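> A predicted structure for the sequence below; I have some questions about it.
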Amino acid sequence: MRRSLPVLAISALVLLFAGCTVGGEGGTPGAGELPAAASGSIPGASPKTLLPVLGPAPGLVPVQGQAVLVRGSESVRGIAGFGRNAIPALFGEYALAATGGEVQILAVWFTREALVLDDAWAALSCSGLPAGFTLAQSSPSGDGSFVVVASTTDYRLVIRLPAGFGSPCRFTAVLLERFMFFMRNAVREEDISFPAFLQF
């Protein structure tokens, strides 16, 4: 007897997804999990909140002296540089055109939580920062990346920079200036976001 079309359609879907598992070997990652190839992209954050490093979206390829927001702003739990944690934060990623045409990815977090800085952190002195901010820089991680924390009385901005980035002062100063503008114009907490473009 001929099968009805709905039965055939259901059978096809079952065959299509039969080999897929969530978070298992060879399957798709579960919510908040990273693909294996990107598992080291944000060291120090909670595995449940790690996010894959993305390249620039089509039409948003950065040019020299420009950083483009390619991910965010997203509410997450977990900030790089502080071991395993569930610190609530706003997360974003910027793509930056480096020398030689390489695109570097810089991760940023905004949080109102107090952050405890131990002896692995050193004070960082930069000119041109907005008034009221202090900076601290972490020791380099295994992949050479490092973290900068910009603190003021009300909030913290955490920036993870790739190995070989050089001085973080210029990028940090521009990010703080633009982010403060967005903060001043945010009516509600959920209106806070990272600027889409940074020129420096």
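Now that the structure is in, tell me what you want to look at. Numbering: from 1, shown residues only.

> List the residues that contact Ala186.
Residues in contact with Ala186 (CB atoms under 8 Å, 6 or more residues apart in numbering) are Ile192, Ser193. Backbone N, C-alpha and C define where each C-beta goes, glycine included.

> Can you say which helix or strand has it in it?
Using DSSP states H and E, Ala186 sits in no helix or strand.

> For the protein, which residues score under the pLDDT cut-off?
Applying pLDDT under 70 to the chain picks out residues 1-62.

> ok, which stretches of it are helices?
With DSSP state H as the criterion, the chain has helices at 5-17, 169-184.

> What segments of the protein are strands?
Applying DSSP state E to the chain gives strands spanning 66-77, 88-97, 103-111, 121-124, 134-138, 146-151, 156-161, 197-199.

> Could you dump those strands into JSON lines and include distance to Ala186 and mean neighbour count?
Below are the strands of the chain laid out as JSON lines (distance: least, CB to CB, whole Å; neighbours: other CB atoms under 10 Å):
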{"stretch": "strand 66-77", "distance to Ala186": "11", "mean neighbour count": "18"}
{"stretch": "strand 88-97", "distance to Ala186": "11", "mean neighbour count": "22"}
{"stretch": "strand 103-111", "distance to Ala186": "11", "mean neighbour count": "21"}
{"stretch": "strand 121-124", "distance to Ala186": "27", "mean neighbour count": "14"}
{"stretch": "strand 134-138", "distance to Ala186": "23", "mean neighbour count": "19"}
{"stretch": "strand 146-151", "distance to Ala186": "18", "mean neighbour count": "22"}
{"stretch": "strand 156-161", "distance to Ala186": "15", "mean neighbour count": "23"}
{"stretch": "strand 197-199", "distance to Ala186": "18", "mean neighbour count": "15"}
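
> Lovely, talk soon.
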